[in-house]
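Visitor: Next input, structure requested:
(chains A and B)
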Amino acid sequence: MDARPVALLPHRIWSVTQPIDSTLLELAELTRLDVKSLHHDEQEGLRAALARTTAWVAQLMAIPTDGVPTTVQPVVLPTVLRADVAVPNADSNAILALAPDRQAHWYRVPRVVERATDTGDDNAAPEPGDE
Amino acid sequence: MSNPLPYTTQPSIRELVEGLHRGDWRAVDVVEAALQRAQQDQLNAWLHVDAEAAMRHAEQTDAVRRAQETLGPLAGIPIGVKDNIHVLGMPTTCASRMLQGYMPPFQAAAMTRLQKAGAILIGKTNMDEFAMGSSGEFSFASPTRNPWRPDRAPGGSSSGSAAAVASSQTLAAIGTDTGGSVRQPAAFCGVVGFKPTWGRISRHGLVAFASSMDQLGPLTRNVADAALLYAIMAGHDLLDATTSAAAVTIPRADCTNALPGLRIGVTRELLDGVQPDIARAYHAIEHLLRDAGAHIVPMSLPMATHAVATYQVIAAAEASSNLARFDGVRLGHRTAEASSLAALQSRSRAEGFGAEVKRRILLGTWVLSHGYGDEYLSQAQRVRTLICRDFAQAFSQCDVLLTPTTPTTAFSLGERTHDPVHMYLADLFTVSANLAGLPAISLPAGLDHEGLPIGMQFMSAPFAEETLLAAAQSLESLLPKRPELHFRAAETQRGHSETEAGA
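Guide: Predicted structure coming up:
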């Protein structure tokens, strides 16, 4: 089995011999996961586990796959079309009853649209329903 | 009631249904027995039990029977449901702080089919958080314990479903299987676990983990019960475009003669490093099948050793995407304080998700991000193609494949929680069926030197469930019956309870 050239490996790989704190923080920001607020032990546990896992899955890069297509769905299923007939929606009151907070026929959520001046302003805490 | 409580006699679902039909028991007796056991549970098998609704449904079932009206094939049968499947009137938490208190506004299509058949859904079973785990320990509520030995893991992620069936709290439970999460806990707990072909059972109402592999499946005491539940849940569903419209067929419940002439593939290349008791059991089963008239066909699955790594890359990528919806805004846990939208989302997610879910989300983000590990994801998807080709080649030469379900029997609680790779390797024999979309079933096949259950697995080509189930029923009929298994489990549970009480 021919090993893939090391040059083909991703540039920013996590390994047990390389500081990865910056990688961890970059990815945490991408996926909206506040790892900075975690206890140091939990941060270290995440770092160690991910370093071990990524080093382990590197075995895949040594498998020759030139010309092999990717598989994203294991079983090919023919599309079954439904009749183009309107059906009743779920009862909106039943759904609204499950909302964490509501106002009339709306879910109330924290502000999700921010003004440019809001960014970085620690005093601009989102208010429920404030849009 | 003159007859003893039905669970002390360990019937199958079919026997219980016949007893109900004859009037030996009423549905309220059956359901009350299940509820009593669930309420006395010491294994942390349940996250929610709805006794009131269950008894109300049982009374309705008895009333319909008294009126001599038609009842479904599961009328009066209590069933547990893994807590990532929506049941109206019950919370869905996925054993996560993220979804504590969440009440789904709709019900899973497969659960509606079970209810229409008369099943009484009595509660939600414990699990690894968001179905990510192989030990039942990654539950926000508390880890599930193995009924055979409470210091051992029950397997996961359908840990509560397996423990509840093994300890006779219910005759059947529904789980989900993304990398072995029905079959692996079934093996650890000494029950049957069946994962049908990807696309056989609607996933409408299932909280998604890895969509190209997720599948619902039953955990039961015997193969015929698993086949019965599968036949009721399977079939095309307009609410899930990934369900198949192919006909659903199962063998007769008394079919035990499928082995003569059946071509059974065996592979020895994966047995290196397997617990010796399991390797011995594998060879013993192989001899048993040959003696029963099956053709044993040696097989090679060269890519199988890479299946777990392939699975982890693909599952993490899909999980990272699926769990992006939990952002603290529309549903799920919301942090008490945050200074911006980004802080609200990141802090809510950091507080709501447990350690293993965080690991997988970060791993998934890594393989989904250009310049980080995206090369790994495309490579894993190509290796997945090679794994599918291995199986296509194998099933051109055999009807079913036999493997152990797990490389070891139930390991100790806490033994693997800090070493993710060691934990992931518990799924060595099960993940391939998910990557290739194959149906697979685990059934109890003896005990190891410590008296812990061993599981054996059959796999078949996609949509060949009838052949697979017939093979499993036939093998099951050759194995010694172990009624003491269930009583012993109950004794272990009592012993654990007494130990805790005395501590």
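Visitor: average pLDDT across stretch B:173-188?
Guide: Averaging pLDDT along stretch B:173-188 gives 98.
Visitor: Same check on stretch B:209-219?
Guide: 98.
Visitor: What number of neighbouring residues does the closest residue in space to residue A:36 that isn't next to it in sequence come out with?
Guide: Spatial nearest neighbour of residue A:36, excluding adjacent residues (CB to CB, 6 or more residues apart in numbering or on different chains): residue A:25 at 7.2 Å. The way it works is simple: take the backbone N, C-alpha and C, and place the C-beta from them, glycine included. Residues contacting residue A:25 under the criterion other CB atoms under 10 Å in any protein chain shown number 13.
Visitor: In chain A, what residue spans correspond to helices?
Guide: Ranges of helices in chain A, per DSSP state H, are A:21-30, A:40-57, A:92-96.
Visitor: Could you point out which of those helices sits nearest residue B:255?
Guide: helix A:40-57 (42.0 Å; CB to CB).
Visitor: Is chain B within reach of that closest one?
Guide: Yes - Helix A:40-57 comes into contact with chain B (CB under 8 Å from any CB of the partner chain), by way of A:42, A:45-46, A:49-50, A:52-54, A:56-57.
Visitor: Output those as CSV; include the columns neighbour count.
Guide: Converted to CSV, those look like this (neighbours: other CB atoms under 10 Å in any protein chain shown):
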residue, neighbour count
A:42, 14
A:45, 16
A:46, 19
A:49, 22
A:50, 22
A:52, 17
A:53, 23
A:54, 25
A:56, 16
A:57, 26
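Visitor: any low-confidence regions in chain B?
Guide: B:1-10, B:482-503 (pLDDT under 70).
Visitor: In it, which residue sits nearest chain A?
Guide: Relative to chain A, the nearest point of chain B is residue B:437 (3.1 Å; CB to the nearest CB).
Visitor: so how many other residues sit close to the closest residue to that residue other than its chain neighbours?
Guide: Excluding the flanking residues, the one nearest residue B:437 by CB to CB, 6+ apart is residue A:74, at 3.1 Å. Neighbourhood size, residue A:74 [other CB under 10 Å]: 22.
Visitor: Please read off the pLDDT at the spatially most central residue of chain A from the model.
Guide: Note on chain A: the residue nearest the mean C-alpha position is residue A:31, at 4.5 Å, using CA atoms, centre = their mean. pLDDT recorded at residue A:31 is 95.
Visitor: for residue A:102, same thing?
Guide: For residue A:102, the pLDDT comes out at 88.
Visitor: Hmm, it is touching residue A:96, no?
Guide: Yes - using CB atoms under 8 Å, residue A:102 is in contact with residue A:96, at 5.2 Å.
Visitor: hmm, back to that, can I assume the residue nearest to residue B:437 is in contact with residue B:436?
Guide: Yes - Residue A:74 lies in contact with residue B:436 (CB under 8 Å); the separation is 5.4 Å.
Visitor: what's the next secondary structure element after the helix or strand hosting residue B:455?
Guide: Using DSSP states H and E, residue B:455 falls within strand B:453-460. The C-terminal neighbour of strand B:453-460 among helices and strands, as given by DSSP H and E, is helix B:465-478.
Visitor: residues of that next one that come out buried?
Guide: B:465-477 (16 or more other CB atoms under 10 Å in any protein chain shown).
Visitor: what are the ranges of the strands in the chain?
Guide: As the question left the chain open, I've gone with chain A. A:102-103, A:106-107 (DSSP state E).
Visitor: please go with chain B instead
Guide: Going by DSSP E, chain B shows strands at B:46-49, B:78-82, B:120-125, B:172-176, B:192-195, B:216-220, B:263-266, B:295-298, B:400-404, B:440-447, B:453-460.
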